[in-house]
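Student: This is a predicted model, with the sequence first.
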Amino acid sequence: MTSSSSFGTYEAARILVPGYYFAILTIVLADLTAFAMHWPLLQNDALLVLAFVVLGFIAGLTLYAKESTKRRRAFQENQPSLYLKTKARAMSDIPVMEEEDAKQMYFYILNTHVPPIFHEKIFFFGTIYHIMIQIRRTSLWFSLLGTVLIWVLALAGYQTSTGLLLFAIAVWLIYLFNVTYNKADRKMQENYKDQIYWLAMNDDLVETILRKRPPTLPSKQS
């Protein structure tokens with residue numbers, strides 16, 4: 001089983017990396033916009049550091065809590081729990097298994113029977129998937145915002161800011177590179193296939209566990 005420290009490290013990375021990527025882009029964009037509009041820049045380094053730390057942590061927690069990455073097709077399709085659900089329905093001597101039951105059953109198998117090395121791989125690639133998708137989305141937001149700001153400032157009569165232009169180009173390139181070389185979705189599906197393969201190779205164990213399953217599992221309280 002993955003140790004609690006490893007699990008905590010992976011979860012912290014899912015919060016901090018997207019959060020501080022967001023914070024860096026926010027502060028850089030605000031600084032470049034202020035410079036282009038000839039506004040006075042904040043000179044207090046302590047306040048800048050405090051703003052960076054707080055903004056990054058809050059942004060990371062917000063993105064983490066939203067869990068929008070879990071609604072993507074690459075995350076939803078071919079989950080190991082769906083394999084268990086299909087297998088259970090093919091076994092006529094056990095009760096029908098619904099999706100939530102299948103998820104609980106898979107986590108039980110994962111925590112009690114799947115080797116620790118699989119845990120590390122599952123959590124690692126799951127973390128990478130979430131980070132890459134959040135970076136992709138954040139890059140899209142800021143590339144669009146940077147492009148819009150360039151046009152707005154130009155229409156308002158300000159001279160085109162080289163800094164803002166380079167910022168928009170750089171963030172657009174990060175986004176396009178992430179989309180073109182979409183390893184996040186592919187690795188997530190490969191991760192699922194490895195887990196399903198383990199279940200298939202341990203078919204006798206899986207069937208025994210499914211037969212021991214109680215007729216109904218406690219439902220989540222609303």
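Tutor: Nice, I can see it.

Student: Would you map the helices across the chain?
Tutor: Here the chain has its helices, by DSSP state H, at 4-36, 45-66, 73-76, 80-90, 99-112, 116-155, 162-180, 183-201, 203-212.

Student: In CSV: those helices, plus mean pLDDT.
Tutor: Shown next, in CSV, are the helices of the chain (pLDDT from 0 to 100):
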stretch, mean pLDDT
helix 4-36, 88
helix 45-66, 89
helix 73-76, 74
helix 80-90, 87
helix 99-112, 86
helix 116-155, 89
helix 162-180, 92
helix 183-201, 86
helix 203-212, 88
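
Student: mind putting those helices in CSV, mean neighbour count included?
Tutor: To be clear about C-beta, it is placed using only N, CA and C from the backbone, and glycine gets the same treatment. Formatted as CSV, these follow (neighbours: other C-beta atoms under 10 Å):
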stretch, mean neighbour count
helix 4-36, 17
helix 45-66, 14
helix 73-76, 14
helix 80-90, 18
helix 99-112, 16
helix 116-155, 17
helix 162-180, 16
helix 183-201, 16
helix 203-212, 13
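
Student: and the gap between Asn191 and Leu61?
Tutor: Taking C-beta to C-beta, to the nearest Å as the measure, Asn191 and Leu61 are separated by 25 Å.

Student: I'd assumed Ala59 was in contact with Ala23.
Tutor: Yes. Using C-beta atoms under 8 Å, Ala23 makes contact with Ala59 at a distance of 6.0 Å.

Student: residues in contact with the residue positioned nearest the centre of the chain?
Tutor: The residue lying closest to the centre of the chain (C-alpha atoms, centre = their mean) is His130, at 1.6 Å. Applying C-beta atoms under 8 Å, 6 or more residues apart in numbering to His130 gives the contacts Arg14, Pro18, Thr69.

Student: what do you get if the cut-off is 7 Å, keeping everything else the same?
Tutor: Shown in contact with His130 (C-beta atoms under 7 Å, 6 or more residues apart in numbering): Arg14, Thr69.

Student: got it, and Met188?
Tutor: Ala74, Phe75, Phe125, Tyr129.

Student: Pull the contacting residues for the third one.
Tutor: What it means is Phe125. Listed by C-beta under 7 Å, 6+ apart, the contact set of Phe125 reads Lys187, Met188, Asn191.
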